[in-house]
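Undergrad: Next one to model:
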Amino acid sequence: MDINHLKNKFIDEAESLLTNFDNILIDLEKTGDLGKVNEVFRIMHTIKGASGMFGFDKVVEITHELESIYDLVRENMLGISPQLIELTFSSADHIRALLADEAFSNKDNIKRHKELKKAIDAVKEIKDTAEEVKPAESEKKDAATGRVTWSVIFYPSDELVKRCVNMSYTFHDLFILGDYHISNRPFDAGFGPFWTIFLVTDRPFSEIEDALMFVMDYCKITRVADFDIFEAESLEKRDNTLRKTGDDGYRLDELNEHFFATETPKEPKEDMTDNKAATSVQATRKVTTRINVEASKLDTLMYLVSELVTAKSELLLALKVKNEIKAIDTAEKIEKLSKQFSDNALSIRMVPLEEMLNKFKRLIRDLAKQLGKKIDFQIIGEDTELDKNIIDTINETIMHLIRNCVDHGIETPEKRKEIGKSETGVIKFEAHKAGNYIYITISDDGSGIDSDLIYRKAREKGFINEGVELSREEILNLIFLPGFSTAESLSNVSGRGVGMDVVLKRIQELRGEIAISSSPGSGTAFIIKLQQTVSIINTLLVKANNITYAIPIEDIESCLIEQHCNISGRQNHLLPFGEELIPYFNLSIDELSVYDNNDNARLIVIKRQAKHYAIVAEAIIGEFQAVIKPLGKAFSDVKYLSGASLLGDGSIALLLDTEKLWHQISKN
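TA: Numbering: from 1, shown residues only. Below you'll find the predicted structure:
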């Protein structure tokens, strides 16, 4: 087995875990929910175990130190503070850097590693001071033996078999830590069977974790008592102590009822605020099974494969017995299956936008903190699916729009308070599907766009001539011009060389559109329209000069027939369409040699961002579902062609880029 393949897979999974880690920390920072501490601990433990297997020793060091800190938080020896949150975020960023620097040779990484370890040690010193203030915490342990009783609830899973985890070795490592007792039968609480193991040991919790490293995600570990509950003398001593002190912790009879009942056990009590007898160490069970493709989509794929195999056999049999009618029927069946295959393949490529959005939560949190702003990031429609390739391409575009909302849109808390707004600004991401399109809206409730300022800047920079009147929509669209900016100075957030012209270019490369809506004082919204996929497109085939062209159907407004004599000779290259004159582009190289004056030409009217123009062709062949392939260097100079598709007869259809074709017509 290729170890590099496994290592790359680990790095990908670690990146995904770290993104989830960021979002958990953001929730912990906002809500102070100590239940999130267990999730932080679990992710660090997962990364630590796998990092050691693949030789990322420095990652193991940092994750182990973080585990130590958050173990103190779980034991109520350390509180959640802004300094701890910042330190954890910095550690997560450092782990990302270490994953890309396996040899640990980068000087910045070496320096940062030392600084982080010092910072973590400083946090531990704070803990030691806290323990001196509260000596009673340490007195809870049995002074004579220091033995603690732990409960390990183990949930078996088929995933452990797939991962080839040797259970005998795992639990052998656990049992050698102390005395153990196993329930005589598995329980079933409605979510699967589990076994309960009681371990009495004087070893620290970290050694229990190390023993259960490869099954930790299938275990719930609970600290039952600070003594051996299976020793009669210790039980009696503890029971007398509870009655004398009136402790609100577990009583002996409650422990017996809870752990030794013949009925299905209840969930252990959890108390994250007091270090009582039943302090929960890991409160949630999380199975790490990952399914990137819905099972129903794979079921459909297998069904289509079986149908295709059957249809192939039918076709071969029909050809063998020379049954032409049966052969034609089977060919039509195969055609339908191929359409279903393409739809299924596209659906498998679809991933929810949530995968991309998770990364932006951390971005907004850091930018808001950097700029001294309060921002609430709201998401609607994160389960909307989009082609993975499109998500990868548009990721930077969405990021830039969000950065603009944070930097230019949302005001500071002081300014918002002055004008009667809430101190916390809102950035909203909304996505929904309509037909074959995905609409994404990124909006804020900030200051909005000053159209007068844009118009004035455009005149100063020479983008428009003095006296030219523009509508508000046209003025707002000026921000997409290369080199246009209203920023007076550069900052760490803006002014990095990525302008709105790049945003427009990226969206147009995906055959998408973007519009702006803004009200002064109320906010700004960017509305993006994208196709779900750009690899398979429904097109209309047309012919000119014996060359076949494909035009995306969604760009076509209508198809008309016009005599060539009414088209040729128009010096202004404008045609009447409804109540307006629209420009046209003739696909024929030599208009006069192709047509007689009485011949009919075909006009395909295109609509792009509320603008119309016509494409003139000799003939319309019909609809075609085109599988788009990139063009070679021979077509690099033809800017209005964006790809090609192989037709059934082996010939090629060239895909017209209607957006670039419009720009070429506009220049002429």
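Undergrad: hey, let's count contacts and neighbours off CA atoms from now on
TA: OK.
Undergrad: so where is the stretch 401-550 of the chain shaky, pLDDT-wise?
TA: For the stretch 401-550 of the chain, the stretches with pLDDT under 70 are 435-436, 485-498, 534.
Undergrad: Please report the distance of residue 351 from residue 550.
TA: Distance of residue 351 to residue 550, computed by Cα to Cα, to the nearest Å: 28 Å.
Undergrad: and what of residue 398?
TA: Distance from residue 398 to residue 550, by Cα to Cα: 30 Å.
Undergrad: quick one, which of the two is more surrounded?
TA: When neighbours are counted by other Cα atoms under 10 Å, residue 550 comes out ahead of the other of residue 398 and residue 550, with 28 against 22.
Undergrad: Just confirm the more buried one is within a helix.
TA: No. Residue 550 sits outside any helix when classified using DSSP: H, G, I helix; E, B strand; the rest coil, being strand.
Undergrad: Show me where the stretch 351-500 of the chain has its helices.
TA: All helices of the stretch 351-500 of the chain, identified by DSSP state H, counting those that start in this stretch, fall at 354-371, 388-404, 413-418, 451-460, 472-476, 500-509.
Undergrad: ok, now which ones touch residue 116?
TA: Residue 116 makes contact with 87, 90, 91 under the criterion Cα atoms under 8 Å, 6 or more residues apart in numbering.
Undergrad: which of those has the most neighbours?
TA: residue 91 (22 neighbours).
Undergrad: Check whether that residue really touches residue 62, as I assumed.
TA: Yes. Here residue 91 reaches residue 62: they are 7.1 Å apart, a contact under Cα atoms under 8 Å.
Undergrad: any idea of the angle the longest helix along the chain forms with helix 354-371?
TA: Counting by DSSP state H, the longest helix found in the chain is helix 3-31. If you take axes from the mean of the first three to the mean of the last three Cα atoms, to 10 degrees, helix 3-31 sits at 50 degrees to helix 354-371.
Undergrad: ok, then the element right after helix 3-31?
TA: Later in the chain than helix 3-31, the nearest helix or strand by DSSP states H and E is helix 35-53.
Undergrad: Tell me which residues of that following helix come out buried.
TA: 35-51 (16 or more other Cα atoms under 10 Å).
Undergrad: Quick one, grab the pLDDT at residue 646.
TA: Note on residue 646: pLDDT of 87.
Undergrad: Would you list the phi and psi of it?
TA: Here is the backbone geometry of residue 646 (degrees, to the nearest 10): phi -90, psi 130.
Undergrad: start the count at 26, not 1, going forward
TA: Got it, first residue is 26 now, which makes that one residue 671.
Undergrad: about what we covered before: could the contacts of residue 141 go into a markdown table alongside distance to residue 385, secondary structure and pLDDT?
TA: Shown next, in a markdown table, are the contacts of residue 141 (distance: Cα to Cα, whole Å; DSSP: H, G, I helix; E, B strand; the rest coil; pLDDT from 0 to 100):
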| residue | distance to residue 385 | secondary structure | pLDDT |
| --- | --- | --- | --- |
| 112 | 20 | helix | 90 |
| 115 | 17 | helix | 90 |
| 116 | 18 | helix | 90 |
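Undergrad: Reformat those residues into JSON lines and put distance to residue 35 next to each item.
TA: Putting these into JSON lines (distance: Cα to Cα, whole Å) gives the following:
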{"residue": "112", "distance to residue 35": "24"}
{"residue": "115", "distance to residue 35": "21"}
{"residue": "116", "distance to residue 35": "18"}
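Undergrad: what's the closest of those to residue 453?
TA: For the contacts of residue 141, the residue nearest residue 453 by Cα to Cα is residue 115; the value is 26.6 Å.
Undergrad: gap between that closest one and residue 553?
TA: Computed with Cα to Cα, the distance linking residue 115 and residue 553 is 34 Å.
Undergrad: do residue 442 as well
TA: Per Cα to Cα, residue 442 is found 31 Å from residue 553.
Undergrad: do the same with residue 52
TA: Residue 52 sits 29 Å away from residue 553, going by Cα to Cα.
Undergrad: One more: residue 127?
TA: In this view, residue 127 and residue 553 are 39 Å apart by Cα to Cα.
Undergrad: same deal with residue 507?
TA: Going from residue 507 to residue 553 by Cα to Cα gives 19 Å.
Undergrad: just for the stretch 276-425 of the chain, where's the confidence low?
TA: The model of the stretch 276-425 of the chain has pLDDT under 70 over residues 276-317.
Undergrad: can we see that at 80?
TA: For the stretch 276-425 of the chain, applying pLDDT under 80 flags the ranges 276-320, 367-368, 370-372, 374, 380.
Undergrad: Now do the strands in it.
TA: Secondary structure of the stretch 276-425 of the chain (DSSP state E, counting those that start in this stretch): strands at 375-377, 399-405, 410-412.
Undergrad: Make a markdown table out of these and add distance to residue 82 and mean neighbour count.
TA: Converted to a markdown table, the strands of the stretch 276-425 of the chain look like this (distance: least, Cα to Cα, whole Å; neighbours: other Cα atoms under 10 Å):
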| stretch | distance to residue 82 | mean neighbour count |
| --- | --- | --- |
| strand 375-377 | 33 | 19 |
| strand 399-405 | 36 | 16 |
| strand 410-412 | 37 | 21 |
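Undergrad: Which of these sits closest to residue 45?
TA: For residue 45, the closest of the strands of the stretch 276-425 of the chain is strand 375-377, at 15.2 Å, according to Cα to Cα.
Undergrad: name the helices or strands packed onto that closest one?
TA: Here strand 375-377 touches strand 410-412, going by 3 or more Cα pairs under 8 Å, 6 or more residues apart in numbering; DSSP states H and E.
Undergrad: change it to 10 Å
TA: Applying 3 or more Cα pairs under 10 Å, 6 or more residues apart in numbering; DSSP states H and E, we find strand 375-377 packed against strand 410-412, helix 413-429.
Undergrad: neighbouring contacts of it?
TA: By Cα atoms under 10 Å, 6 or more residues apart in numbering, the surrounding residues in contact with strand 375-377 are 317-318, 369, 406-416, 557-558.
Undergrad: Bridge partners for the nearest residue to residue 578 once chain neighbours are set aside, pull those for me.
TA: Distances taken as Cα to Cα, 6 or more residues apart in numbering place residue 564 nearest to residue 578, at 4.8 Å, with adjacent residues excluded. Beta bridges link residue 564 to residue 577, residue 649 when assigned by DSSP bridges.
Undergrad: Confirm for me that residue 564 is in contact with residue 680.
TA: Yes. In this structure, residue 564 is within contact of residue 680 by Cα atoms under 10 Å, at 8.6 Å.
Undergrad: if you count what's nearby, which of those two comes out ahead?
TA: Shown here are residue 564 and residue 680; by other Cα under 10 Å, residue 680 has more neighbours (26 against 22).
Undergrad: Spatially nearest residue to the more buried one (excluding sequence neighbours)?
TA: Nearest residue to residue 680 in three dimensions, chain neighbours excluded: residue 575, at 4.6 Å (Cα to Cα, 6+ apart).
Undergrad: Spit out the contact partners of the one you found.
TA: Neighbour list for residue 575: 562-568, 646-651, 666, 668-670, 677-682 [criterion: Cα under 10 Å, 6+ apart].
Undergrad: So among those residues, which ones count as buried?
TA: For those, a burial check counting by 16+ other Cα under 10 Å picks out 562, 564-568, 649-651, 666, 668-670, 678-682.
Undergrad: Right, I'll call it a day here.
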